[in-house]
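> Build the 3D model from these lines:
(chains A, B, C and D)
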2 protein chains.
Amino acid sequence: MKKQQQLYKGSLNTIIMKLLEQQGKMYGYEITQKVKEITAGEMNITEGALYPALHKMEAEGFLDVEMDRVDGRIRKYYKLTENGITETASRMEELENFIRNMQNIVNPNLKFGY
Amino acid sequence: MKKQQQLYKGSLNTIIMKLLEQQGKMYGYEITQKVKEITAGEMNITEGALYPALHKMEAEGFLDVEMDRVDGRIRKYYKLTENGITETASRMEELENFIRNMQNIVNPNLKFGY
DNA sequence: TTGTATGTATAAGAATTATATGTATATTTG
DNA sequence: CAAATATACATATAATTCTTATACATACAA
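Okay, the predicted model is just below:
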């Protein structure tokens, strides 16, 4: 993520998992481009954050890998495992809670402002 | 913050600044209790995170300190400096962008789902 | 007297991310 | 044709942030 968004660390895994849930399977570079597209360039996932995150989630059993060769270049497609699907649901719940809590802090008058 | 919320690192400074903006001045322990209250116990700011964050923001010129003695105990009241007020506004904008971007990722069909 | 609440603080380590760099092929631009 | 850009993966080093554990001190309740 860009420095300007460093405040919201920890969302990277949630973003990756949610995109994989929607798209079925994706490769690393594709993920960076998709996030850039969706956020109109406001979020940029760096390789130094992306690849360690992917490898860690694979090691934790949340992702499966499938290698393809396209145009002479290697692509590693990642997809969610069953555990990964469960974990994604859990992280989405956390994200919703986080957003709700932040909105309650920012706007204390609106008790149900979401 | 609790382990379950470690995903959203970096929000601590934003939370502290916004509370100080609303309350005028607060002391450390008061901040932890206020966050616990607002979030119904879902977010717990630990001392190990809070005090280094307060000291850093003070060193950066975003906070001013005022010491009081209450019931034999020392309280350090923190309040925003002028630079702190500007910084708070900037961080609030970042928070709004972050939430909007996350909602766009999570719910790609709703272009204005916020 | 043991635990809980209030109040501030630091040290050691874990986790996550940024920055920089490296390798390699394909395509576009000058 | 050469150079730059895009595609594609990866790691090493450092910075930042947070957790866990610990420390000190007062007050009150069980």
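
> List the contacts of the closest residue to DNA strand C within chain A.
Minimum separation of chain A from DNA strand C (Cβ to the nearest atom of the strand) falls at A:Gly48, amounting to 1.7 Å. Every C-beta, even on glycine, is put in place using the N, C-alpha and C of the backbone. In this structure, A:Gly48 makes contact with no residue, judged by Cβ atoms under 8 Å, 6 or more residues apart in numbering or on different chains.

> That one: which element?
Using DSSP states H and E, A:Gly48 sits within helix A:47-59.

> Dump that helix to PDB, restricted to CA.
Once non-C-alpha atoms are left out, helix A:47-59 reads as follows in PDB (Å, rounded to 0.1, in the frame of the first residue of the first chain):
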ATOM      1  CA  GLU A  47       5.400  -6.600  -4.400                       C
ATOM      2  CA  GLY A  48       7.300  -6.500  -1.200                       C
ATOM      3  CA  ALA A  49       4.000  -6.700   0.700                       C
ATOM      4  CA  LEU A  50       2.100  -8.900  -1.800                       C
ATOM      5  CA  TYR A  51       4.300 -11.900  -2.300                       C
ATOM      6  CA  PRO A  52       5.200 -12.500   1.400                       C
ATOM      7  CA  ALA A  53       1.500 -12.300   2.200                       C
ATOM      8  CA  LEU A  54       0.600 -14.800  -0.500                       C
ATOM      9  CA  HIS A  55       3.300 -17.200   0.600                       C
ATOM     10  CA  LYS A  56       2.300 -16.900   4.200                       C
ATOM     11  CA  MET A  57      -1.400 -17.600   3.400                       C
ATOM     12  CA  GLU A  58      -0.400 -20.600   1.400                       C
ATOM     13  CA  ALA A  59       1.700 -21.900   4.300                       C
END
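
> List the buried residues for that helix?
For helix A:47-59, burial by neighbour count (16 or more other Cβ atoms under 10 Å in any protein chain shown) applies to A:Leu50, A:Ala53, A:Leu54, A:Met57, A:Glu58.

> do the same with stretch A:61-73
A:Phe62, A:Leu63.

> who does the helix or strand where A:Arg100 lies touch, helix- and strand-wise?
Assignment of secondary structure by DSSP H and E places A:Arg100 within helix A:82-106. Using 3 or more Cβ pairs under 8 Å, 6 or more residues apart in numbering or on different chains; DSSP states H and E as the contact criterion, the neighbours of helix A:82-106 among helices and strands are helix A:12-23, helix B:12-23, helix B:28-38, helix B:82-106.

> what's the angle from that helix to helix B:12-23?
The directions of helix A:82-106 and helix B:12-23 differ by 20 degrees, with axes from the mean of the first three to the mean of the last three Cα atoms, to 10 degrees as the criterion.
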